[in-house]
Each structure stands twice: as structure tokens, then as C-alpha cells.
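**Q** Build the 3D model from these lines:
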Amino acid sequence: MGSHAHPVMPVLRRLFPLLLAVVLAGCSAAAAGLNSYQSPDGRYAFLYPTGWTRVQVTGGPQVVFHDLINSDETLSLVVSDVTPESNLEELGSAVAVGERLRRIAIAPEGSGRVAELVHADQREQGSRTFYDLEYSVHLADRDRHEFATVVVDRGRLYTFAASTNEIRWPKVKALFEQVVTSFSLLV
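**A** Prediction:
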């Protein structure tokens, strides 16, 4: 090219910062619809959709949020005790843990619910293993969809799940997956 610069280069140099700003704005806009929640003890954190509110419950999940507009859309965290030396893999594969959760918590015998484990996957986040589980749940009067993640830490099994009616699942699937997989242990 010698001493003559290509005429497109100055234009690209001027456009690059603008393109970068647009890309970064798009990324922050995607996250703008989410708020963060951190447990009072600083042990865990997650994102939840803007417009959702926390609901106090007794004798159930540790944390519950629901959508103010679609009140049957919920986000819940259940913390259960397991032996202190347990890890997720010792409890079984993603499918085995998903099936156990289906039988014990989602559709126990006599509940009137029938659930199917649609998908089970394992992912690593830092030094921890998470199982991501997707369920189709059939009730007498309606069908629901649930997406959950489970992780074991220091003798506790954390089950973080988002649930909606089956009709809305295609619209909220990406959001629910983003929210549920945002669950992280901080200590």
C-alpha cells in the first residue's frame, strides 16, 4: 500500500467507537430488565426480572418472587440440608437428580400433578457443578413449565426455579434461562 492509506480506513476508525457503543448499549439494555438480589448473609445472589416483587412465605421456599402482571409466574429458592461432605455428582447425574426432584418436590404421589423432565444438563461455574433442569408440569386445570438449577454447597442443596403457565413459556423461556442460570454462590 506504500504511503497511500486505504480510503476506507479513516471511515472505519471513526465508525468503530460508534459501533462499539451500540454493541455495549445493546448488552446493557438486555441486562437492564433485571435486578439483582443478594442474600442477607452474602451466601448467594441471582437476577430477577424488573417488575417482579418479593413475597414472604412461611414454611415454604426461602425466597419467592412473582410477576406483578402475570402473578402465576414465580421464582423460588428452596434450600435443603444434605450431608456436609456431599457434592452434586454424589447425588447422581443431572437426569437422576432431575427425576428425584420431579418425584419428591414437583409432582409427588397424591399431589394431582404429573411432571415430565424435558431436559437435564450439567454446567460448571467456577469450581461448582450445577444441574439445569426443565420440566413440563400437568395439573388438573392447567399446564405449567418450570426451569430450575440445583447446586450443593456446605451441606446445603439449593434449588432455584422459575415457573410459568405453558402458554407463556415460549415468550419467557430465554428470560427464565438467563435468570435461573444467574444463581451463584458467593462464598
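
**Q** Straight-line length of stretch 85-102, end to end?
**A** Across its full length, stretch 85-102 reaches 24 Å between end residues, using C-alpha to C-alpha, to the nearest Å.

**Q** Do a quick rundown of the helices in this structure.
**A** For the chain, the helices defined by DSSP state H cover 8-32, 88-91, 94-101, 169-180.

**Q** Enumerate the positions of the shortest one that are buried.
**A** Pointing back at helix 88-91 there. 88, 91 (16 or more other C-beta atoms under 10 Å). To be clear about C-beta, it is placed using only N, CA and C from the backbone, and glycine gets the same treatment.

**Q** From the contact counts, what lies against that helix?
**A** Under the contact definition 3 or more C-beta pairs under 8 Å, 6 or more residues apart in numbering; DSSP states H and E, helix 88-91 sits against helix 94-101, strand 128-138, strand 143-153.

**Q** same check, this time on the last one
**A** Under the contact definition 3+ C-beta pairs under 8 Å, 6+ apart, helix 169-180 sits against strand 44-49, strand 143-153, strand 156-165.

**Q** What's the local residue count around the residue nearest to residue 87 when sequence neighbours are not counted?
**A** Counting by C-beta to C-beta, 6 or more residues apart in numbering, the nearest residue to residue 87 once its immediate chain neighbours are dropped is residue 152, at 5.5 Å. Residues lying near residue 152 (other C-beta atoms under 10 Å) number 23.

**Q** if I look at residue 152, how far off is residue 71?
**A** According to C-beta to C-beta, to the nearest Å, residue 152 stands 31 Å off from residue 71.

**Q** Look up which residues are beta-bridged to residue 164.
**A** On the basis of DSSP bridges, residue 164 takes part in beta bridges with residue 145.

**Q** so what's residue 140 closest to, chain neighbours aside?
**A** Counting by C-beta to C-beta, 6+ apart, residue 112 is the residue found nearest to residue 140 once chain neighbours are left out, at 5.7 Å.

**Q** burial of the one you found, as a residue count?
**A** Other residues near residue 112 number 10, with proximity taken as other C-beta under 10 Å.

**Q** picking that back up, pLDDT at the residue nearest to residue 87, what is it?
**A** At residue 152 the predicted local confidence, pLDDT, stands at 94.
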